[in-house]
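Engineer: dropping a prediction and its sequence here:
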Amino acid sequence: MCDEWWYQRRAEEREASRRLWEEFERTRPLSDRDVSEEEPEVTPEKPEPTRLTAKS
């Protein structure tokens, strides 16, 4: 009984590992820039100055 569970568990883990590696093989490194996409220009936002008011 325990052996069946163990073999089933190992088969499931093997299948999950195989799917993960197949997905990994389909990816490409970030350094490959085959597609020419323009990088969006990023400008940091300037924080609004806050006014402190004294309450009497």
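Structural biologist: Here it is on my side, so go on.
Engineer: what strand or helix carries residue 22?
Structural biologist: helix 2-26 (DSSP states H and E).
Engineer: who does that helix touch, helix- and strand-wise?
Structural biologist: Using 3 or more CB pairs under 8 Å, 6 or more residues apart in numbering; DSSP states H and E, no helix or strand is in contact with helix 2-26. All C-beta spots, glycine's among them, are computed from the backbone N, C-alpha and C.
Engineer: start at 348 instead
Structural biologist: Yep, numbering from 348; the last one is helix 349-373 now.
Engineer: so where is the protein shaky, pLDDT-wise?
Structural biologist: 348, 379-387, 401-403 (pLDDT under 70).
Engineer: 80 instead, please
Structural biologist: 348-349, 375-403 (pLDDT under 80).
Engineer: returning to that earlier point: report the buried residues of the helix holding residue 369.
Structural biologist: Buried residues in helix 349-373, counted by 16 or more other CB atoms under 10 Å: none are found.
Engineer: residue contacts, residue 378?
Structural biologist: Residues near residue 378 by CB atoms under 8 Å, 6 or more residues apart in numbering: none.
Engineer: before we move on, the earlier item: now the helix holding residue 369, how far from the centre of its chain.
Structural biologist: Put simply, helix 349-373 sits 22 Å off its chain's centre (CA atoms, centre = their mean, to the nearest Å).
Engineer: name the helix or strand for residue 388, please.
Structural biologist: Per DSSP H and E, there is no helix or strand for residue 388.
Engineer: count of neighbours near it?
Structural biologist: 5 (other CB atoms under 10 Å).
Engineer: mind checking how far it is from residue 357?
Structural biologist: With distances taken as CB to CB, to the nearest Å, residue 388 is found 52 Å from residue 357.
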